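Chemist: return a 3D structure for these sequence lines:
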Amino acid sequence: MTASKGLVAGFWISTALFALQMSFTAYAQLRLPQVAEVFAHLGFPAYFRIELSWAKLAGVAALLVPMVPARLKEWAYAGFAITLFSALVAHLAVGDGVEAWIWSVGTGVLWGASYFFFRRLQAGAAAH
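Modeler: Numbering: from 1, shown residues only. Okay, here's the model as predicted:
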């Protein structure tokens, strides 16, 4: 038996939106000077911004490539959860307002939707 079309569509829509957001932030971290200034404002060294960008791109690839094992996808989701929560904490720690940390929260909602559908699809696959 195959997964319902609604679950599959929900997964791919939420995952595509999440992947686009994470890819955009990785690009911005690598190429936009104002994003580098934000990292400095948060107290992070320049190398961390570059390292994080490439880790995000690797995680996006893990989520989007169908033949990647589910366990590796779980690690990608875990890494993204840590990244998003850490971004929120970093902004709050330096006293930034909602305009600075709302992106982490919004992206976290996309993460949650993608992960929800991923887990539902995995549960369905395990039951059959």
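
Chemist: going forward, measure contacts and count neighbours with C-alpha atoms only.
Modeler: Will do.

Chemist: mind listing what residue 110 touches?
Modeler: Neighbouring residues of residue 110 by CA atoms under 8 Å, 6 or more residues apart in numbering: 14-15, 17-18.

Chemist: among the residues you listed, name the ones in helices.
Modeler: Judged by DSSP state H, those include 14-15, 17-18 as members of helices.

Chemist: just those residues now: which is nearest residue 69?
Modeler: residue 15 (16.1 Å; CA to CA).

Chemist: for the residue nearest to the closest one when sequence neighbours are not counted, which three-state class applies?
Modeler: Closest residue to residue 15 apart from its sequence neighbours, by CA to CA, 6 or more residues apart in numbering: residue 114 at 4.9 Å. Using DSSP: H, G, I helix; E, B strand; the rest coil, the structure places residue 114 in helix.

Chemist: residue 114 contacts residue 11, doesn't it?
Modeler: Yes - with contacts counted by CA atoms under 8 Å, residue 114 reaches residue 11, the gap being 5.6 Å.

Chemist: looking at the two, which is more packed in?
Modeler: Shown here are residue 114 and residue 11; by other CA atoms under 10 Å, residue 114 has more neighbours (23 against 20).

Chemist: please identify the helix or strand for the closest residue to residue 22 other than its chain neighbours.
Modeler: In space, and not counting its chain neighbours, residue 22 is closest to residue 56: 6.4 Å by CA to CA, 6+ apart. Per DSSP states H and E, residue 56 falls inside helix 46-64.

Chemist: quick one, what contacts the residue nearest to residue 15?
Modeler: Residue 114 touches 10-12, 14-15, 18, counting by CA under 8 Å, 6+ apart.

Chemist: what distance do you get for it to residue 65?
Modeler: As judged by CA to CA, to the nearest Å, residue 114 and residue 65 stand 14 Å apart.

Chemist: residues in contact with stretch 22-42: which ones?
Modeler: Taking CA under 8 Å, 6+ apart as the rule, stretch 22-42 contacts 45-46, 49-50, 52-54, 56-57, 60, 90-91, 94.
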